[in-house]
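> Give me a 3D structure for the following:
(2 chains, ligands or ions: 1)
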Amino acid sequence: MRVIADTNRCLGAGQCVLADPERFDQSDDGIVVVLRAEATDPAEQEEVRETVSHCPSRALSLAD
Amino acid sequence: MTGTEIPEYPLARTCPFHPPAGYARYREHGPVNPVRLYDGRRVWAVTGHAEAREVLLNTGLFSSERADPRYPATSPRFEAARKVRNFIGMDPPDHTAQRRMLQSSFTMRRINGLRPGIQRLVDELLDAVVAKGPVVDLVPEFALPIPSIVISELLGVPYGDHAFFEQQSRRVASGTSTLEESADAFTQLLQYLDGLIQDKERSAGDGLLDVLIAEQVRPGILTRRELVDISLLLLVAGHETTASAIALGVVALLEHPDQLAALRADPALLPSAVEELLRFTTIADSVARFATADTELAGQPVAAGDGVLVVLSAANRDDTVFPDPDLLDLTRRARSHVSFGHGAHQCIGHNIARAELEIAFSTLFARLPGLRLAVPLDRLPGKDAGGVQGVFELPVAW
Ligand code: SF4
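Predicted structure coming up:
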């Protein structure tokens, strides 16, 4: 599973960085930077799913 | 359904941290119910968590445009707010353009950089509280100055003017202000900020307003009036709401000694405790939208032009998402609460508020382990229906 960020939709409020700072970062203008896209083990995938659901602008999505 | 059967919105809280018992009626027919506003208008109250998110995410179908007469006013103060135009009351793409101008000042990195200063501020305020000795009212001595000083410094607004802007902000945010009172409070704040921004145009400081003058006003991207309207929002929303969240969070913890003990025993619980307190107290009771086209919400037809009221305090008590929603449980996964809203208009300051709440709670309870309310809970004067929720006073002893 991979997480994909649509930087045009990102609002930059940092919900994802708050939830999972090892996977997400923000550029200086606040836009999301994915540090690690892959999630392999089930616990990790669950965490990523939850973070994606918290994104207030639906900028994050999942792909296989 | 006849008119008399439609419940009114808003109602006043009887307990400062629980939604009014009467809100149960907004769930009678499922997650979307008709309610009647003060001006007689009938709108849809959305109380389901999923439906709340659905409305807040879909800015195309559910407009935030406050200048539009279809935008519902839940109290007279919203009529006065219509002439102040900034991103909270705008739709994309105008909303997006203003929000992008502010984004870089609200990143996690910038906010983490503010933390040491917030900690110093909280320590100093508590020194003064201790020196004053019990009984102390924590609203003016602690809950209000924390966010007020932080937002003043961030914007570059002189904190020396705090008595003025705090009082006017209160009049703007109160659910019981008359149209004249809130219009007057808006006018005073707008004049003040216009004067401040003119001063800054002559001699720049180092706040966010100074940055916006240099980067947006000088090149002609923003007019001064637009910047005045934006700064009004940042100043008012930056302190009034967080002050209430700090005060109500303290009350909720003091009234749940088992939860407070759990937090004391395990400081690692702090971030999830803050999320749960945000969910539980829900300072902003609702946000309004109107439908731009005929649609359906949870099977309920909604017509173009209908007002839609997302009742955040009710969505945060949706038992399909938060089991036993009326229980304060600092260990639950509360992060999907909608206390900051959701979607494009989610509160831009949410991570500053989180930093302030974390530092305020952890430092207060470590410093004053014997903290207790100095009056019974039912004697705390609660804020009015429909506005920012909270308490006007919080006398404590230790
Ligand atoms: S949570 Fe969504 S909007 Fe916020 S920074 Fe991350 S990707 Fe952007």
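> what helix or strand does the nearest residue to residue B:249 once chain neighbours are set aside sit in?
Leaving aside its chain neighbours, residue B:249 sits nearest to residue B:277 (4.3 Å; criterion: CB to CB, 6 or more residues apart in numbering or on different chains). To be clear about C-beta, it is placed using only N, CA and C from the backbone, and glycine gets the same treatment. Assigned by DSSP states H and E, residue B:277 belongs to helix B:270-281.
> Now do that helix: distance to the chain's middle.
14 Å (CA atoms, centre = their mean, to the nearest Å).
> Which residues belonging to that helix are considered buried?
Residues of helix B:270-281 classed as buried: B:270, B:272, B:273, B:274, B:275, B:276, B:277, B:278, B:279, B:280, B:281 (neighbour count, 16 or more other CB atoms under 10 Å in any protein chain shown).
> Outside of that helix itself, list whatever touches it.
B:17, B:245, B:248-249, B:252-253, B:259, B:263, B:316, B:322, B:328-335, B:337, B:339-340, B:354, B:357-358, B:361-362, B:389 (CB atoms under 8 Å, 6 or more residues apart in numbering or on different chains).
> for chain A, longest helix please?
helix A:42-54 (DSSP state H).
> Low-confidence regions, the chain specifically.
Reading this off chain A. Applying pLDDT under 70 to chain A flags no residue at all.
> meant chain B actually
B:1-4.
> Assign the residue positioned nearest the centre of it to helix, strand or coil.
Residue closest to the mean C-alpha point of chain B, counted by CA atoms, centre = their mean, is residue B:241 at 4.0 Å. Counting by DSSP: H, G, I helix; E, B strand; the rest coil, the backbone at residue B:241 sits in helix.
> right, and the helix or strand after the helix or strand harbouring residue B:152?
In this assignment (DSSP H and E), residue B:152 forms part of helix B:145-155. Downstream of helix B:145-155, the next assigned helix or strand under DSSP H and E is helix B:162-173.
> what's the offset of that next one from the middle of its chain?
14 Å.
> go on, stretch B:371-384?
With CA atoms, centre = their mean, you get 20 Å for stretch B:371-384.
> Output that stretch as PDB, nothing but the C-alphas.
Presented in PDB, the C-alpha positions along stretch B:371-384 are these (Å, rounded to 0.1, in the frame of the first residue of the first chain):
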ATOM      1  CA  LEU B 371      -6.200  22.600  42.500                       C
ATOM      2  CA  ARG B 372     -10.000  22.700  43.000                       C
ATOM      3  CA  LEU B 373     -13.000  24.800  42.100                       C
ATOM      4  CA  ALA B 374     -13.700  27.500  44.700                       C
ATOM      5  CA  VAL B 375     -17.400  27.500  43.900                       C
ATOM      6  CA  PRO B 376     -19.700  24.600  43.000                       C
ATOM      7  CA  LEU B 377     -19.900  23.700  39.300                       C
ATOM      8  CA  ASP B 378     -23.500  25.000  39.000                       C
ATOM      9  CA  ARG B 379     -22.400  28.400  40.200                       C
ATOM     10  CA  LEU B 380     -19.900  29.000  37.400                       C
ATOM     11  CA  PRO B 381     -21.400  31.600  35.100                       C
ATOM     12  CA  GLY B 382     -21.700  29.900  31.700                       C
ATOM     13  CA  LYS B 383     -21.500  31.700  28.300                       C
ATOM     14  CA  ASP B 384     -24.600  32.200  26.300                       C
END
